[in-house]
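*Asks:* Would you be able to build a 3D model of this:
(one chain, ligands or ions: 1)
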Amino acid sequence: MGNASVGIEVRNVVKHFDNFAALDGVSLSVAPGELVALLGPSGSGKTTLLRVIAGLEFPDSGDVLFGGRDALSMTARERRVGFVFQQYALFRHMTVAQNVAFGLDVRPRGARPARAEITERVRLLLERVHLQGLEKRYPQQLSGGQRQRVALARALAIDPSVLLLDEPFGALDAKVRKELRRWLRNLHDELGLATLFVTHDQEEALELADRVVVLNKGLIEQDGSPQKVYDSPATAFVAQFIGDTLTLPVQVTDGQAEVLGARFPAAPGTPEGRAVAYIRPHDVSVQPQGTANGVTAEVISITLSGAVLTLRLGIRGLGELDAIVSRQDVQRFDHEKGSIVTVAATQAYIFSD
Ligand SMILES: Nc1ncnc2c1ncn2[C@@H]1O[C@H](COP(=O)(O)OP(=O)(O)OP(=O)(O)O)[C@@H](O)[C@H]1O
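*Replies:* The predicted model follows:
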C-alpha cells in the first residue's frame, strides 16, 4: 500500500451503443477520501460510467482525469482501478488467498512482488477486511457477505489509485447489506481513496455517501449531499425516485399550489396550470377530524411496518394515499379502520406535469 490517492474527474462523457445514448454528457468528480454514490434505476447508465472510468469502455467524447492526468490515454492496467462487481466475481477454483493474490500473480515477472511478499500482503489485506484465517477456504465455503469482502481485498491488492464498486451488496440480504455498509464506510475512511459506489438503493446511497449523484437515462438529474438530494429534489424524477413518493394532481397559481389543504411553492419555472405534487408518506399528518386544517379522509387500513404504522387513506375525489405515522399518534388519536380524519401535507414538491 502507499500510492497517493487521486481524485476522479469525468467531463461531459458521451457513450452510445448503436444509436442509444447510454451516457448523454455526464460530468462528475470524486475527490480523494470522498465516497460518492451513483444512484439510478436499472438501465440509467451507472455500470457504463464505471466501465468508462475503469478503462473497460472508451467514450465517444468527453474526458476522464485521474489526479488531473488524462486517464483516457492510459490502459486499464495503468489506471490501477480497484473494481468490485455485484457478484460472480471470485474465481471458484481458487482459494481465498489465491483470489486476493490474483492481481499480483498475473503481473509480468519484473513487476511481480516476490512470493513471500505476496503472501504477507494477502495476510494484511484479509486482516483489513476482517477475514483473517480464511486463506485456504474456497468461495463456496463463504457467506455472500464474506465473498464480497474477499472481492474488496482482491481489488485492494493492486494498491489501487481509485475504488469503483458496482452494486457490491446487491445480491445480499437486507441485514448483511446494512452491516457491510457501515463496514465499508469505515474501511473507506481508513483508505482515503476516491470511491465511487453504484447502487439503485436510495437508502444505501443516502446512508453511506458523502455525496449522491442521481443518474437517469444517461443524464445527471442531481448532484449533492444526501440531505440536499432528500430535502430538495431538483427535478420531478428525483422527487419521485427518492422517498417512496405519492403523486397528486394540483393546479399552480402564482407559483404555488394547494396540496391537501396547505399551499407549497412550485419548483422554479413550473408553468401555471396543471402540475403534479410529490408527497412522501412521512410528510402526511393525520389528525382527528376537524382539529386541523386539511382535507377529510377515511382510514381504509392500518399496517404495521416496523416502528411505525402505515395508514391507507381514501380521499373523496382524489383517490388513495399512504401516511406513515408513529404508533403513539395512532394510539393518542384513536385512529382505526373506518375513522374519519383530517389529512394535511407538511411538505410537498411541485413540478410541471
Ligand atoms: N455492450 C452494450 N451493448 C449495447 N447496449 C448496452 C451495452 N452495455 C449497456 N448497454 C445499454 O446501455 C444502457 C445503460 O446500461 P448500464 O448497464 O450502464 O445501466 P445500469 O444503470 O448500470 O443498469 P443496472 O442497474 O440494471 O445494472 C442500457 O440500456 C443497456 O441496455
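
*Asks:* Which secondary structure state does Val100 sit in?
*Replies:* helix (DSSP: H, G, I helix; E, B strand; the rest coil).

*Asks:* wouldn't it be in contact with Ala153 here?
*Replies:* Yes: with contact taken as C-beta atoms under 8 Å, Val100 and Ala153 are classed as touching, separated by 4.7 Å. For the C-beta atoms, the positions are set from N, CA and C on the backbone; glycine is no exception.

*Asks:* And those two? Which one has more around it.
*Replies:* Regarding Val100 and Ala153, a neighbour count based on other C-beta atoms under 10 Å identifies Val100 as having more, with 29 against 25.

*Asks:* Next up, the contacts around the more buried one.
*Replies:* Taking C-beta atoms under 8 Å, 6 or more residues apart in numbering as the contact definition, Val100 lies against 122, 125-126, 150, 153-154, 157.

*Asks:* rerun that using 10 Å as the cut-off
*Replies:* 90, 94, 118, 121-123, 125-126, 129, 131, 135, 150-157 (C-beta atoms under 10 Å, 6 or more residues apart in numbering).

*Asks:* Tell me the strands beside the helix or strand encompassing Val198, with direction?
*Replies:* In this structure, Val198 sits in strand 194-199 according to DSSP states H and E. Sheet pairing of strand 194-199 (DSSP bridges) gives strand 35-39 (parallel), strand 162-166 (parallel).

*Asks:* Which one of those strands lies nearest to the ligand?
*Replies:* Set against the ligand and scored by C-beta to the nearest ligand atom, the strands paired with strand 194-199 come closest in strand 162-166, at 7.4 Å.

*Asks:* Distance from the chain centre to the helix or strand just after that closest one, please.
*Replies:* In the C-terminal direction, the helix or strand that comes right after strand 162-166 (DSSP H and E) is helix 174-191. Using C-alpha atoms, centre = their mean, to the nearest Å, the mean C-alpha position of helix 174-191 is found 14 Å from that of the whole chain.

*Asks:* quick one: helix 174-191 to strand 35-39, angle?
*Replies:* With axes from the mean of the first three to the mean of the last three C-alpha atoms, to 10 degrees defining the directions, helix 174-191 sits at 140 degrees from strand 35-39.

*Asks:* Can you tell me which residues in the stretch 51-200 of the chain are near the ligand?
*Replies:* Counting by C-beta under 6 Å from any ligand atom, the residues of the stretch 51-200 of the chain lying close to the ligand are His200.

*Asks:* Find the closest residue to the ligand in the stretch 51-200 of the chain.
*Replies:* Checking the stretch 51-200 of the chain residue by residue against the ligand with C-beta to the nearest ligand atom singles out His200 as nearest, at 5.2 Å.

*Asks:* Correct me if wrong: that residue contacts Asn216.
*Replies:* No: between His200 and Asn216 there is no contact under C-beta atoms under 10 Å: 11.3 Å.
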